[in-house]
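**Student:** What would the 3D arrangement of this be:
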Amino acid sequence: MFKSHSIKFKTQAKADGEHRLVDLCMAELCKNTGFADSRNLVQRELVFLCDGIESKTGVIISLSTIKRLLNGQFSRLPQIATLDAIAVTAGYQNWQQFKISKNLDANQNGKGNKEKPAPPAHSGAKTFNARVLLWAVPVFLVVVCLGLMMTTRKPGLAGVDKARFSAKKVTGNDIPNTVVFSYNVDSVAADSFFIQQSWDRHRRVRVFKHNYTLTDIYYEPGYHMAKLIANDKIIKTWDVSIPTDRWVFYAKEGIAKGLPKYITADGSKKSSLGLTKDDLEKSKIDLQKENVYVNAWFPSRIESSSDNFVLTFRIKVDELKNEPCPFLMSEVFCQRQFMYFTSTLKGCTSELACQFGENELKGKTNDLSALGSEVRIWQNVEFKVQDKNATISINGAKVFSANYHRSCGLITGIGFISNGLCEVDSLEMKTIEGKEIY
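**Tutor:** Now for the predicted structure:
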């Protein structure tokens, strides 16, 4: 009876220790991402965490899983792929290295270097029994843990090379646009399958074996990378281009939230590129709602590199409401990754963000104050990329630069996003050699 209780106690202590390590890892991950309080994240911030993990590791973690990890609401240790993903995103090579680093930290704090008291004198038989028990209990625990891991963790994927995935549009370049996905996962050993139409995990639909077609609607224009997912791994991708060949305007609840509400612009009333309140009212946009407003252009013909361009423009934000922090986001859309920067008032720059290829920077954890400007009046901006080095100049002064290493592919469009209405003038885009792109 005593032995049974002892094993149960040690097993529970081990489980508690593993739970504690997951808590520590999630806290470090959140801190590195710019979230100090990992227990009180809102939905938008949880989505950002999931997207960050996916972009760094290729592992997809659902919102429900990320919530359980943050709140410690799991009865058994998550899969090793999930643990490796959160450890890598937190800045470690893998979960094992994270565990080792925490053990080293404990030793350096004096928790692992205490001298053990000399054992009391015992008879030879008692000493032998104690030694047997000392070795038997850990070995037994290891065997039990390995058995649990083998029975609870999902098997590795098999048959991935036999999977098939493709897509075709049913109309031209219109939006919305229905796309027909053809897939075959009959030979893939996995528990669940999904098709995700772009980077946005909200646009994910579950699919099943012995079914081979899924139709889905693209509500936004752009160059999208659709994904075929098995369990939590991307196994196939397919590029889907929904160009416009003209400027389009729409409103959304957030950059990564809600469906677009299309806006028709009356260009006869303005000499610059943008919208008016009249345009919004005629398009039945509720001005009292918290929206972001998008101006975007996606050409059918794409041939210029995202590693070699100069984009110049004059821009300002026309406020719709008394926003404490009006912002604008300028983006060069690419085949892969993101290429954008945001600007707002000097006092609001903690909320800024920018990304150039794989190099993603947040104002919470980086000093982006140089990107702050009086966005409510005209600003002259140059967005330049040469040899994977991006530089931003505002009103003739270079204010920011950052490098990246992996090419984003070809330029697929230009966009401006704001919580007000972006008014754009003198827009021009060329290659570094001077060839006109737009």
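**Student:** any idea how far residue 319 is from the nearest residue to residue 361 once chain neighbours are set aside?
**Tutor:** Closest residue in space to residue 361, ignoring its immediate chain neighbours: residue 354 at 5.2 Å, by CB to CB, 6 or more residues apart in numbering. (Each C-beta comes from the backbone N, C-alpha and C, glycine too.) When distance is defined by CB to CB, to the nearest Å, residue 354 is 22 Å away from residue 319.
**Student:** Have a look at the two and say which one is more surrounded.
**Tutor:** Neighbours were counted for residue 354 and for residue 319 using other CB atoms under 10 Å; residue 354 has more, 24 against 14.
**Student:** name the element that one belongs to?
**Tutor:** Element membership for residue 354 (DSSP states H and E) is strand 353-357.
**Student:** The helix or strand immediately after that strand in the chain packs against which elements?
**Tutor:** With elements assigned by DSSP H and E, the helix or strand that comes after strand 353-357 is strand 359-362. If you count contacts as 3 or more CB pairs under 8 Å, 6 or more residues apart in numbering; DSSP states H and E, strand 359-362 packs onto strand 353-357, strand 397-403.
**Student:** Switch the ones you listed over to CSV; also include mean pLDDT and distance to residue 207.
**Tutor:** Listed next are those as CSV, based on pLDDT from 0 to 100; distance: least, CB to CB, whole Å:
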stretch, mean pLDDT, distance to residue 207
strand 353-357, 94, 30
strand 397-403, 95, 38
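**Student:** Now tell me which helix or strand of this protein has the poorest mean pLDDT.
**Tutor:** Taking mean pLDDT, DSSP states H and E as the measure, the chain has helix 124-152 as its least confident helix or strand, at a mean of 52.
**Student:** Identify the residues contacting the residue most central in space within the chain.
**Tutor:** In the chain, the residue lying closest to the centroid (CA atoms, centre = their mean) is residue 51, at 2.0 Å. Residue 51 makes contact with 199, 201, 256, according to CB atoms under 8 Å, 6 or more residues apart in numbering.
**Student:** The strand holding residue 354 versus strand 397-403: what angle between them?
**Tutor:** 50 degrees (axes from the mean of the first three to the mean of the last three CA atoms, to 10 degrees).
**Student:** Residues touching strand 353-357, excluding its own?
**Tutor:** For strand 353-357, the surrounding residues in contact (CB under 8 Å, 6+ apart) are 337-342, 360-363, 368, 371, 385, 388, 390, 400, 402-408.
**Student:** Relative to it, what are the paired strands and their orientations?
**Tutor:** Paired strands of strand 353-357, with direction, are strand 338-344 (antiparallel), strand 359-362 (antiparallel) (DSSP bridges).
**Student:** what is the rounded mean pLDDT of stretch 22-42?
**Tutor:** The pLDDT scores in stretch 22-42 average 81.
**Student:** all strands of the stretch 101-250 of the chain, in order?
**Tutor:** Using DSSP state E, counting those that start in this stretch, the strands assigned to the stretch 101-250 of the chain run over residues 164-169, 177-184, 193-196, 204-207, 213-218, 222-230, 233-242, 247-252.
**Student:** List the strands paired with the fourth one, with their directions.
**Tutor:** Put plainly, it is strand 204-207. strand 193-196 (antiparallel).
**Student:** Need the helices and strands packed on strand 359-362 in JSON lines (columns: distance to residue 100).
**Tutor:** Shown next, in JSON lines, are the helices and strands packed on strand 359-362 (distance: least, CB to CB, whole Å):
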{"stretch": "strand 353-357", "distance to residue 100": "31"}
{"stretch": "strand 397-403", "distance to residue 100": "31"}
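**Student:** Highest mean neighbour count out of these?
**Tutor:** Neighbour counts (mean count of other CB atoms under 10 Å) averaged over each of the helices and strands packed on strand 359-362 peak at strand 353-357, with a mean of 22.
**Student:** Contact partners for residue 245?
**Tutor:** Counting by CB under 8 Å, 6+ apart, residue 245 makes contact with 173, 298, 299, 300.
**Student:** per-residue confidence at the third one?
**Tutor:** pLDDT, the model's per-residue confidence, is 93 for residue 299.
**Student:** Who is residue 382 paired with across the strands?
**Tutor:** In beta-bridge terms (that is, DSSP bridges), residue 382 pairs with residue 312, residue 393.
**Student:** Helix or strand: which one has the nearest residue to residue 57 once chain neighbours are set aside?
**Tutor:** Residue nearest to residue 57 in three dimensions, not counting chain neighbours: residue 85, with 4.4 Å by CB to CB, 6+ apart. Assessed by DSSP H and E, residue 85 sits inside helix 80-89.
**Student:** Give me the mean pLDDT for that helix.
**Tutor:** Per-residue pLDDT values over helix 80-89 give a mean of 89.
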